[in-house]
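**Student:** got a sequence here, can you model it:
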Amino acid sequence: MMNHFAVSLRKAFPSMKRSGASSSMASARFSGAAATPSSRTQDVKDENETDHFRTLGFERTFTIPLDELKAKYKHLMKELHPDRHATASKEVTSQKGSMATDVTRAYGVVGDPLSRALHLLELHGTPIEEVNDQSIVDHAFLFEVMEIREQIEDASSDEELRPILQLSLAKKDEVIDQLAEAFRYGRIDDAKRYTAKLQYWARIEETIVDKMTSVHKQ
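**Tutor:** I've put the predicted structure just below:
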């Protein structure tokens, strides 16, 4: 049976889903394009598992330098650009277009810490399902998230929201560091727990940014 904290968190975040929020991290943590929910539903084509790391020419790892990722993406898209295949057959042109779509999708997934972690877990055969992510984290963490959620609801200006956002980003940074270490040493259970926590911090960040935007529109 779902515990009290899990029920409260579900009410607090009714739209919780496995989507990557915009990342504020620099260098190896990425601030590149975030993956959309639809990109993750296409992670598995038919019965063949799609490896977005392989699509981009990288090994399966959580830590990839941002400059290398961007350089590889630009190189691949340049090679697949329609102008380079203007005289090719319709079949080849279509194939290159499909490959370009795959590369763009892979860049979005690998470029966002949350979607990258989720994808690594999927490739490992231990995916996190939306319905059970609350069972992975501890009660103390859920309580912390509930308190922050209440602070967000009580805030009525950017001045009040900004420190909450800074705190959530710091927490997000911390979890990303923990994720990198967990994946580095093959601690999959820890990686799942930290990924679940990252889902919450990403959702909190999104909630704060949305509220800041709505405050400005009033």
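
**Student:** the protein: helices as residue ranges?
**Tutor:** Counting by DSSP state H, the chain has helices at residues 4-12, 37-41, 52-56, 66-79, 90-110, 113-124, 139-154, 158-184, 188-217.

**Student:** looking at this structure, which residue lies furthest from center?
**Tutor:** Distance from the C-alpha centroid of the chain, by CA atoms, centre = their mean, peaks at T87 (38.4 Å).

**Student:** and that residue, its phi and psi?
**Tutor:** phi -100, psi 0 (degrees, to the nearest 10).

**Student:** for it, give its distance to H75.
**Tutor:** 22 Å (CB to CB, to the nearest Å). For glycine as for every other residue, the C-beta is placed from the backbone atoms N, C-alpha and C.

**Student:** picking that back up, worst average pLDDT in the helices of the chain?
**Tutor:** With a mean of 37, helix 37-41 has the lowest mean pLDDT of those.

**Student:** the residue nearest to K197 when sequence neighbours are not counted: neighbour count?
**Tutor:** Ranked by CB to CB, 6 or more residues apart in numbering and with sequence neighbours excluded, the top spatial neighbour of K197 is V175, at 5.1 Å. By the criterion of other CB atoms under 10 Å, V175 has 23 neighbours.

**Student:** ok, V175 - contacts?
**Tutor:** 194, 197-198, 201 (CB atoms under 8 Å, 6 or more residues apart in numbering).

**Student:** farthest pair in these?
**Tutor:** Y194 and W201 (10.3 Å; CB to CB).

**Student:** re the thing from before, distance of the residue nearest to K197 relative to S94?
**Tutor:** To S94, V175 is 41 Å away according to CB to CB.

**Student:** got it, and S168?
**Tutor:** 44 Å.

**Student:** between the two, who's got more neighbours?
**Tutor:** The neighbour comparison of S168 against S94 (other CB under 10 Å) goes to S168, with 23 against 11.

**Student:** quick check, that one in contact with E147.
**Tutor:** No. The criterion here is CB atoms under 8 Å, and S168 misses it with E147 at 11.9 Å.

**Student:** could you report the neighbour count for the closest residue to R84 other than its chain neighbours?
**Tutor:** Excluding the flanking residues, the one nearest R84 by CB to CB, 6+ apart is K78, at 7.6 Å. Neighbours of K78 under the rule other CB under 10 Å: 10.
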